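Student: predicted model follows, preceded by the sequence.
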Amino acid sequence: MLANFLERENRLKVIVFVLVSSISLFDAMKKGPPKQTSSLFERTMIDLLGPLQNSIFEIKYGLSNFVHHYLNLVEVKKDNGMLAREISRLKNQIFQFEELRKENRRLKELFGLGKGLEHEKILAQVIGWDTGRNVKLIRVNRGKDSGIENDLPVVAVDGLVGRVHRVSDSFSDIMTVLDQRNRVDGIITKTRSHGIIEGHYEGKCIMKYVTRSKQVVLDDEIITSGLGRIYPKGLQIGKISKIERESYGITQFIELTPSVDFGKLEEVIILKPKERSHRPAQRKHATGAVP
Amino acid sequence: MIHSRLPHTLTALLLTLLLLMALEVISATFIPAIGLEYFFPPFNILFILFLVFRIKSPFLPLFILIVQLTHGIFSIESWSQGTLIGLLIYLGISYLKNIIDFSTTVSTMMITLLTALTWHFITSLFLYMNRGDFSFALNFLWESIPECLFISILSPALFNLLGRIWKMGSGNRVGV
């Protein structure tokens, strides 16, 4: 009986193994860019866990504020207690004003960005990063409810952040220019040479397909070309930080440092074409899936 | 026998997934917020390693798939690639299970470290095949070392906690 059970369990083990590996292999072999659709389960979980991620950010800021302005004052002499509390309160107030001033300036700069662009600007706050090792995505607190759609370009004060990759009702995942799956058509401003920008590693990007004959120099600026129908023309991407020309091959290796400091990114602007926001149903059919 | 343990298995799996989600939220939100924006401990790998090391079940491939799909809530990293690597590790561990020793904290940490590095090595091979860029794949592997070290240090405590969830004694593989 035991032998019979073991045989049955082994058979079951093989069936489950083959089934799961077949499903995984089928998905892994699919060509093309990563999927941008999300299942109902994923959307629900993102919407459920998004507020939690948001609260953790809030708690972190609250805690650091507490640590800066209260814990450091614990050692103050008792007879100066009242004075210290008052200083602490005022310091805290100044800190808050300073934070508000900075936020105000950031938002002003963000909204002043790209005045010539025919886009509706939707402000979003960064609430988390993708946990994948080779993925560079950020999660923001705006989703379908705010009119966000896949493939909308996302910018910050300093330049291009990326594009919307996955949307749930209240949150969106932004694929940054640091991600190796994200490809942006860019132009070197001085030489007007085109190339494709991809994420590399250590917070850098590379520009591909620039022929060796093009004379590029360090610190040349790179902007979006407007080709590909996702990113508007003229958004700053970064500056050239490394050039390698081998004695063979037809292209050169160009590494660039993105103009956006992703480590300090707090708010971003999602750009939505105005005509798309006014006539959503018609545009959906007109544009289709952007390659 | 499988049917009789099903409620326990489902409860344990659900609790495991909830714990994974809590750690993924910390990894996605808290760690970048303190300035470590390029440090993402791969908790999904740690959970899969626990399942592979300690759980004996014909449904183990399915559990690996479920862990990867849960990880997919927080990452667009390919779940299928992770599942395939998890299954490869599972096959390898099945052959080595008799010589693997989890009796001490150090041995647990060392085995976890080696397996996590193997996982990232296979991932970097996939990356190399996908991009054809050797330096990118090599850098990926190099940069994953601190994260592998981090999860290997966490492994004894987390395996202990997960062992309680799955109601198992220390050092044993438990059939479910």
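Tutor: Happy to help now that I have it.
Student: start and end of stretch A:175-182, how far apart?
Tutor: Taking CA to CA, to the nearest Å, the first and last residues of stretch A:175-182 lie 7 Å apart.
Student: show the model's pLDDT score for residue 148.
Tutor: You didn't say which chain, so I picked chain A. Looking at residue A:148, its pLDDT is 92.
Student: please go with chain B instead
Tutor: 91.
Student: if you drop the residues flanking it in sequence, what lies closest to it?
Tutor: Nearest non-adjacent residue to residue B:148, counting by CB to CB, 6 or more residues apart in numbering or on different chains: residue B:116, 4.1 Å away. No exception for glycine: its C-beta is placed from N, CA and C like everyone else's.
Student: surely that neighbour meets residue B:50?
Tutor: No. Using CB atoms under 8 Å as the test, residue B:116 is too far from residue B:50 to be in contact (11.8 Å).
Student: which other residues reach stretch B:17-30?
Tutor: A:45, A:49, A:52-53, A:56-57, A:60, A:127-131, A:139, B:40-41, B:43-44, B:47, B:66-67, B:70-71, B:73-74, B:161-162, B:165 (CB atoms under 8 Å, 6 or more residues apart in numbering or on different chains).
Student: for PyMOL, write the selection for the buried entries among those residues.
Tutor: Filtering these down to the buried ones (16 or more other CB atoms under 10 Å in any protein chain shown) takes a single PyMOL command:
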select buried, (chain A and resi 45+49+53+56+57+127+128+129+130+131+139) or (chain B and resi 40+41+43+44+47+66+67+70+71+73+74+162+165)
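Student: picking up where we left off before, which one's more surrounded, residue B:116 and residue B:50?
Tutor: Between residue B:116 and residue B:50, counted using other CB atoms under 10 Å in any protein chain shown, residue B:116 has the larger neighbour count: 25 against 21.
Student: for that one, give its distance to residue A:120.
Tutor: Using CB to CB, to the nearest Å, we find residue B:116 at a distance of 45 Å from residue A:120.
Student: got it, and residue B:47?
Tutor: In terms of CB to CB, residue B:47 sits 42 Å off from residue A:120.
Student: kindly report the same for residue A:97.
Tutor: As it turns out, when the distance is counted by CB to CB, residue A:97 lies 31 Å from residue A:120.
Student: the more surrounded of these two?
Tutor: Taking other CB under 10 Å, residue A:97 and residue A:120 do not tie; residue A:120 has more neighbours (17 against 10).
Student: contacts only, for the closest residue to the more buried one other than its chain neighbours.
Tutor: Closest residue in space to residue A:120, ignoring its immediate chain neighbours: residue A:272 at 4.4 Å, by CB to CB, 6+ apart. By CB under 8 Å, 6+ apart, residue A:272 lies in contact with A:119, A:120, A:121, A:122, A:147, A:148, A:149, A:152.
Student: rerun that using 6 Å as the cut-off
Tutor: Applying CB atoms under 6 Å, 6 or more residues apart in numbering or on different chains to residue A:272 gives the contacts A:119, A:120, A:152.
Student: in strands only, show me the residues you listed.
Tutor: Residues of the contacts of residue A:272 located in strands (DSSP state E): A:119, A:120.
Student: what residues does the stretch 1-150 of chain A put near chain B?
Tutor: A:9, A:12-13, A:16-17, A:20-21, A:24, A:27-28, A:34, A:42, A:45, A:52-53, A:56-57, A:60, A:128-132, A:134-135 (CB under 6 Å from any CB of the partner chain).
Student: skip the chain neighbours and tell me the closest residue to the residue in chain B positioned nearest to chain A.
Tutor: Here the residue of chain B nearest chain A is residue B:77; by CB to the nearest CB that distance is 3.1 Å. Among residues not flanking residue B:77 along the chain, residue A:132 sits closest, at 3.1 Å (CB to CB, 6+ apart).
Student: alright, I will stop here.
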